[in-house]
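quick one, structure for this:
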Amino acid sequence: MMESTGMVLVQSLKELQRTSRIVNELRAVFASVEAIPVQVLLTGYSFLCSCYFPCRIPTSMQH
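This next block holds a predicted model:
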């Protein structure tokens, strides 16, 4: 249940373009970093990284 809650929060923050707040929001919900489910933490980190380091798809692969 907590993992589902965390995933919804992370995805909502991504859609609202507030990825910079993911870690702070997760800490507030789970009370500590250690309590955050691993899958939620990895997903949030992936969204955070993709925001700051967007992947560039070569033009040959776009078609």
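
could I get stretch 31-40 in CSV with only the CA atoms?
Below are the C-alpha coordinates for stretch 31-40, written out as CSV (Å, rounded to 0.1, in the frame of the first residue of the first chain):
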residue,chain,number,x,y,z
ALA,A,31,9.2,10.1,7.7
SER,A,32,12.7,9.0,6.7
VAL,A,33,14.7,8.1,3.6
GLU,A,34,15.1,4.5,5.0
ALA,A,35,11.4,4.0,5.1
ILE,A,36,10.9,4.9,1.4
PRO,A,37,10.3,1.7,-0.7
VAL,A,38,13.2,1.0,-3.0
GLN,A,39,11.1,1.0,-6.2
VAL,A,40,9.6,4.4,-5.3
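
chain center to it, what's the gap?
Centroid separation between stretch 31-40 and its chain, computed with Cα atoms, centre = their mean, to the nearest Å, is 12 Å.

would you mind listing the buried residues in that stretch?
For stretch 31-40, the buried set under the neighbour-count rule, 16 or more other Cβ atoms under 10 Å, comprises 36-37, 40. Placement of C-beta: from N, CA and C, glycine included.

any idea which of the residues you listed is closest to E15?
Nearest to E15 among the buried residues of stretch 31-40 is V40, at 15.8 Å by Cβ to Cβ.

helices along the chain, start to end?
Assigned by DSSP state H, the chain shows helices spanning 2-15, 22-30, 38-52.

point to the residue nearest the middle of the protein.
Geometric centre of the chain, nearest residue: G44, 2.0 Å, by Cα atoms, centre = their mean.
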